[in-house]
Structure formats: structure tokens, C-alpha cells
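> Structure here, sequence nowhere to be found:
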Ligand SMILES: [Zn+2]
Ligand SMILES: [Zn+2]
């Protein structure tokens, strides 16, 4: 945080901003709005909105920042945007290459081949080949939860309620899909290792790996051998449970022209 915002905050001029997670419909709405706007017509607010959109889209659920963290993050981002807009106005902005954020998106085929076989390890997931009342195999219903945001979550949960704890199943399958996707992305992007970044949610075994770097190939083959390291089942007394995957931070090499400061801010947000 800059000195001026620090002072403003001290004397109460700066109001704290609260992070509000956008529902899927709003995320989609804002995407349509931004996509339909010509870049020449972008106002500073549109740029702020694009930045928040990226955060809303990629920040894992449950990792919402506190008002204090969020006020600081968003103020930093807006300040950077303002600086870049000024630079652009005088023709000093470094053109950057388009950075593709998702080199890999999980497919039904990969889900069936590499993720569904891991279900048997988790007591809280139903037999993936059971059929629902419409004759659909349950794994196709569970697949919905690997999609980043989907209006079909509700429908899928309504179906699964007859077979398992639908709420837990949603969280677990989402986590499996997210972790598998992170590994495949890292592989495609050429990162050999991922850093394990734990939060307060992981078990003590995982916590002991916090900060360690693990080989992408090793983590991926554990997945393919039906025994993923993250997430993994927990054997608590009388309780069917699981330990959520830590954030796996890829060692992505910065490319020429990348904004190192923005990159660091984004990585910090994602690692929390
Ligand atoms: Zn999510
Ligand atoms: Zn664990």
C-alpha cells in the first residue's frame, strides 16, 4: 500500500472495500459487457472491472480476501492501471503478448480416464457408474462440478442427493478437477515443479509439505495410478472425510514484456 492510501486509511478517509463473490450469472454478464466493448472505448473503470473479473474468475472458492486484504489488493491494482493508462497515453506502454490463462481445460474423456478411477478411494463419492432416474451415469453428473462456473451445479446436486452427500461431493469433485487441471496446465506450460502452498484447511501431513516443490510428472502419475496426493481421503473416527488440495503454484517463467509487478500481485492473491 502506498503512503497516501496508508495516511488516508489512518484518518478514515478511505473506506474499506468488501470482496463480494460474483455469482456465475454476474461473471457471465460482465464478460459479455467487456467483450462487446471496443478497446478504444475502455474507461479506467472498465479496466478496473477487467482486473477484478480475472480475480473473480480464478481465485479459488473459499479463499475470499478479508476487507482489509481486498482494499489493499484492489487499490494496488487500480493504481497500476492508472500508471499504465498514463504511459499508454504518451505512447510508452510496453506491448505485451497475449497471455493465455488456460492452456488446458478438462474434457469429459480425460475426466473419465484419469479422475473417475480415483473416486473409489473416497468413501463419500457414489459408484460413478450407477444411473440416475434419467439413465445418466453419475460420473457425467459429477463432471459438472469440474466446470469453473456452471448453472448446472444446482441440477447436478438435486440428482446426487439420492446417492451421496451432494454438498461434499461437489466440493471434492471440484477439488479433484481443479488439481488435475493445474497439473495438466503445468505440464503443457513446461513447469517441471509445483510449489505446495497450504492454507489452514489441509491436514498435518500436507502441512508438512508446505513450501516444498514437487515434480509435476510425479503428481500426475499418482493421479493416473488412482492415488492422487491431493486431495486425499482422511480417516477420522466414524467420519468419512477428505483433505482439500493445497494450492499448487507453478514455476512459470516470466516472458519478455510481462508486467513483473502485476504478476507478483496476482501470484500473491492466488497463493493465499
Ligand atoms: Zn471454483
Ligand atoms: Zn492432507
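Arrived safely. Keep in mind that what you see is a predicted model, and the values were worked out from it rather than measured. Ligands and ions are numbered 1, 2, ... in the order given.

> Check residue 229 and give its pLDDT.
With respect to pLDDT, residue 229 scores 96.

> for it, phi and psi?
The phi and psi values for residue 229, taken as degrees, to the nearest 10, are phi -70, psi -30.

> ok, for it, nearest residue in space, not its chain neighbours?
Among residues not flanking residue 229 along the chain, residue 222 sits closest, at 5.2 Å (C-beta to C-beta, 6 or more residues apart in numbering). Backbone N, C-alpha and C define where each C-beta goes, glycine included.

> Kindly report the same for residue 53.
The nearest residue in space to residue 53 (C-beta to C-beta, 6+ apart) is residue 30, at 5.6 Å.

> Which other helices and strands does the helix or strand containing the one you found contact?
Per DSSP states H and E: residue 30 is located in helix 24-35. Based on contacts counted as 3 or more C-beta pairs under 8 Å, 6 or more residues apart in numbering; DSSP states H and E, the elements that helix 24-35 packs against are helix 44-58.

> Identify each buried residue in stretch 158-173, please.
Across stretch 158-173, burial judged by 16 or more other C-beta atoms under 10 Å covers 159, 160, 163, 164, 166, 168, 169, 170, 171, 172, 173.

> Need those in TSV (columns: pLDDT and secondary structure).
Shown next, in TSV, are the buried residues of stretch 158-173 (pLDDT from 0 to 100; DSSP: H, G, I helix; E, B strand; the rest coil):
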residue	pLDDT	secondary structure
159	93	helix
160	95	helix
163	95	coil
164	94	coil
166	93	helix
168	92	helix
169	94	helix
170	92	helix
171	92	helix
172	95	helix
173	96	helix
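
> returning to that earlier point: I believe the residue nearest to residue 229 is in a helix; please confirm or correct that.
Yes. Counting by DSSP: H, G, I helix; E, B strand; the rest coil, residue 222 is located in a helix.

> Report pLDDT for it.
On pLDDT, residue 222 comes in at 95.

> so it makes contact with residue 231?
No. Counting by C-beta atoms under 8 Å, residue 231 is not a contact partner of residue 222; they are 11.8 Å apart.

> need the contact list for the closest residue to residue 111 other than its chain neighbours.
Counting by C-beta to C-beta, 6+ apart, residue 111 lies nearest to residue 143, which is 5.3 Å off, once chain neighbours are set aside. Contact analysis of residue 143 by C-beta atoms under 8 Å, 6 or more residues apart in numbering lists 108, 111, 173.
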